[in-house]
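>>> The following block contains a protein sequence and its predicted model.
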Amino acid sequence: MKIDIVSIFPEVFEPVFRVGMSRLAQERGLLELAAHDLRDFTADKHRRVDDEPYGGGPGMVMKPEPFYAAMTALLGGSPFVLPKGVRTILLTPQGVRLSQPIVDGLSKAERLVILCGRYEGVDARVNTFVTDEISVGDYVLSGGEIGAMVLVDAVGRLISGVLGAEASLDEESFSNGLLEYPQYTRPASWLGLPVPDVLVSGDHGAVKEWRRRMAELRTRARRPDL
């Protein structure tokens, strides 16, 4: 998979690309990551990417032309006609809230192009040439860059061969509509807090049943909406 990110602060992604899952995925040839400066796709000498909003109001709004030019250059043609397997994403508080099913779907694409907004938002006409508008939560960030990092991590780890133990994906939170069950490791007792007896019993069937029950109880208590 290839992921391109378009931002006025492309330098913030360099440390993220060099560590953890992102680094391993790139070293294994499974993921190609690139961050591009939106200002490189402007047409004026001041490299301006924003302007005052029509109708008045505080702050500035990001212009549509640089985003269109960036996507046209990256995709080798108009973003209105996308190559097969390409998804284009605008990160915005007005988008669909990110969830594991959405991440699963994005991980099956061949290429993602992620657009990061700033200021008071992005000209609404940009919405007409993206396939997805996504929000990473019900809150407002200074820009789309942190959301893009979230997407890269969430999507990249689902690419086959990236994780060493892919079976663990089946039991993670949200993978089956439930939060994950509690996890424990050595020592068996710490500060007077013991590991549940069933986990050290050696009874695999009982362990599996306990984990299912704990996942249901935790989900009911913490995320009844699930």
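Perfect, thanks for sending it.
>>> Let's test this: mean pLDDT of the helix with the most length in the chain, rounded?
With secondary structure taken from DSSP state H, the chain has its longest helix at helix 204-222. Over the span of helix 204-222, the pLDDT mean works out to 96.
>>> Okay, now the unreliable bits of the chain?
In the predicted model of the chain, residues 164-173, 175 satisfy pLDDT under 70.
>>> rerun that using 90 as the cut-off
Along the chain, segments meeting pLDDT under 90 span 20-21, 119, 160-177, 226.
>>> does the spatially most central residue of it count as helix, strand or coil?
By C-alpha atoms, centre = their mean, the chain has its centre lying nearest to Leu151, at 1.2 Å. With DSSP: H, G, I helix; E, B strand; the rest coil as the basis, Leu151 sits in helix.
>>> Same check on the one 10 residues further on?
On the three-state scheme (three-state DSSP), Gly161 is labelled coil.
>>> Return the residues in contact with the nearest residue to it once chain neighbours are set aside.
Counting by C-beta to C-beta, 6 or more residues apart in numbering, Leu30 is the residue found nearest to Gly161 once chain neighbours are left out, at 5.4 Å. Glycine gets a C-beta too; all of them are placed from N, C-alpha and C. Residues counted as contacts of Leu30 (C-beta atoms under 8 Å, 6 or more residues apart in numbering) are Met1, Ile159, Ser160, Gly161, Val162.
>>> separation between Leu30 and Gly76?
For Leu30, the distance to Gly76 equals 23 Å [C-beta to C-beta, to the nearest Å].
>>> again, but for Val19
31 Å.
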